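Asker: this one's sequence-less:
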């Protein structure tokens, strides 16, 4: 029997359920990781605000008809779009813009290092807002996962992550953690595709309005050169793969595990990026492989079984 939408699986749930939930989270991160190179390419000519607004708009244009096809127009029309715009606009829209802006003024390595703070921030939200309690195993798992992320990105050597880009990314992670929790908590009546669409759609509405206002005031640009076929390919994946599909898997994982446990998988993103580089003819990086091993160990340790739903 399927779980109610927005219901977290207790860590003491069935082995198959836990493995499946983690597989969904890992798949989300793999698809998201493939968007980092696309973002680097597009940011060479696109204004960050214009790029993120178009990304959300394209993702929404695909998700809305899919949602209506699967569940009917009434599900779309009856959805609480006002609340969805608030949650999606602040949590995902503003969060994604600050993350992309941080990447544009620093680099992908810096923001991916900062993203390793996501599990800890997610845990704070669940402890403060949901009254859940931390287990020593969870804290140890978080520490191992964060260490793995730092090793994988090279932050334990001489490549520290400081400056404006890191600060923007950190604020972004806070918004994203809040939005991820709110997406499943605020809309329990919706399916996963509904929760994903209403929050990304809300983010699109928020970002497009901000972009139009910024353009009117002369505070933002769009794209520095005419859009060519190569940009279209990168933009389509950046919006539909690394955003729409990745977010669908992510919301599903958060609904099953909770934002704190699901977020541990973010620390493996540098390893997935490395695999993509190797698949494209690049060289293997032993430190990133070691980092991925630590992240995997952290996931296992953090999810050491407990049958209490009020404990992380």
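Answerer: It's in. Keep in mind that what you see is a predicted model, and the values were worked out from it rather than measured. Numbering: from 1, shown residues only.

Asker: can you give me the strands in this structure?
Answerer: Counting by DSSP state E, the chain has no strands to list.

Asker: helices and strands of it: which one has the lowest mean pLDDT?
Answerer: Ranked by mean pLDDT, DSSP states H and E, the weakest helix or strand in the chain is helix 108-114, scoring a mean of 73.

Asker: Can you mark which positions in that helix are buried?
Answerer: Using 16 or more other CB atoms under 10 Å as the burial criterion, the residues of helix 108-114 that qualify are 108-114. No exception for glycine: its C-beta is placed from N, CA and C like everyone else's.

Asker: same deal with stretch 176-189?
Answerer: Residues of stretch 176-189 classed as buried: 176-187 (neighbour count, 16+ other CB under 10 Å).

Asker: so of the residues you listed, which ones are in helices?
Answerer: Applying DSSP state H to the buried residues of stretch 176-189, the entries found in helices are 176-185.

Asker: What is the nearest of these to residue 203?
Answerer: Of all these, residue 179 has the smallest distance to residue 203: 8.4 Å, by CB to CB.

Asker: In this structure residue 101 contacts residue 46, no?
Answerer: No - counting by CB atoms under 8 Å, residue 101 sits too far from residue 46 to count as a contact (11.8 Å).

Asker: Check which helices and strands the lengthiest helix in the chain sits against.
Answerer: Assignment by DSSP H gives helix 192-217 as the longest helix of the chain. Helices and strands touching helix 192-217, by 3 or more CB pairs under 8 Å, 6 or more residues apart in numbering; DSSP states H and E, are helix 48-71, helix 81-87, helix 164-185, helix 246-257.

Asker: Those helices: which one's closest to residue 97?
Answerer: Ranking the helices and strands packed on helix 192-217 by proximity to residue 97 (CB to CB) places helix 48-71 first, at 4.7 Å.

Asker: So for that closest one, mean pLDDT?
Answerer: On average, the pLDDT along helix 48-71 is 95.

Asker: What's the local residue count around residue 69?
Answerer: Residue 69 sits with 10 neighbouring residues when counted by other CB atoms under 10 Å.

Asker: got it, and residue 168?
Answerer: Look at residue 168: counted by other CB under 10 Å, it has 23 neighbours.

Asker: Give me the distance between it and residue 103.
Answerer: From residue 168 across to residue 103, the span is 9 Å (CB to CB, to the nearest Å).

Asker: try residue 208
Answerer: Using CB to CB, one gets 21 Å for the distance from residue 208 to residue 103.

Asker: More neighbours: which of the two?
Answerer: Remark: of residue 208 and residue 103, residue 103 carries more neighbours, 23 against 16, as counted by other CB under 10 Å.

Asker: that older thread, of all the buried residues of stretch 176-189, which comes closest to residue 34?
Answerer: Using CB to CB, residue 176 is the member of the buried residues of stretch 176-189 that sits closest to residue 34, with 18.3 Å.

Asker: quick one: contacts for the nearest residue to that closest one once chain neighbours are set aside?
Answerer: For residue 176, ignoring the flanking residues on the chain, the nearest one in space by CB to CB, 6 or more residues apart in numbering is residue 95 at 4.1 Å. With contact taken as CB atoms under 8 Å, 6 or more residues apart in numbering, residue 95 is in contact with 172-176, 179.

Asker: just to revisit the earlier point, which of the buried residues of stretch 176-189 sits closest to residue 302?
Answerer: residue 177 (15.8 Å).

Asker: any idea how far residue 73 is from the closest one?
Answerer: Residue 177 sits 32 Å away from residue 73, taking CB to CB as the criterion.

Asker: Show the average pLDDT along stretch 255-266.
Answerer: Model confidence over stretch 255-266, given as mean pLDDT, is 86.

Asker: Can you measure across that stretch, start residue to end residue?
Answerer: Across stretch 255-266, the straight-line distance between its terminal residues is 16 Å, by CA to CA, to the nearest Å.

Asker: What of stretch 69-76?
Answerer: Chord length of stretch 69-76, first to last residue, is 10 Å (CA to CA).

Asker: In that stretch, which of the residues would be classed as buried?
Answerer: Burial within stretch 69-76, assessed by neighbour count using 16+ other CB under 10 Å, is assigned to 75-76.

Asker: So what's the gap between it and the chain middle?
Answerer: 25 Å (CA atoms, centre = their mean, to the nearest Å).

Asker: And for it, what's in contact with it?
Answerer: Residues from elsewhere that reach stretch 69-76, judged by CB under 8 Å, 6+ apart: 64, 67-68, 190-191, 193-194, 197.
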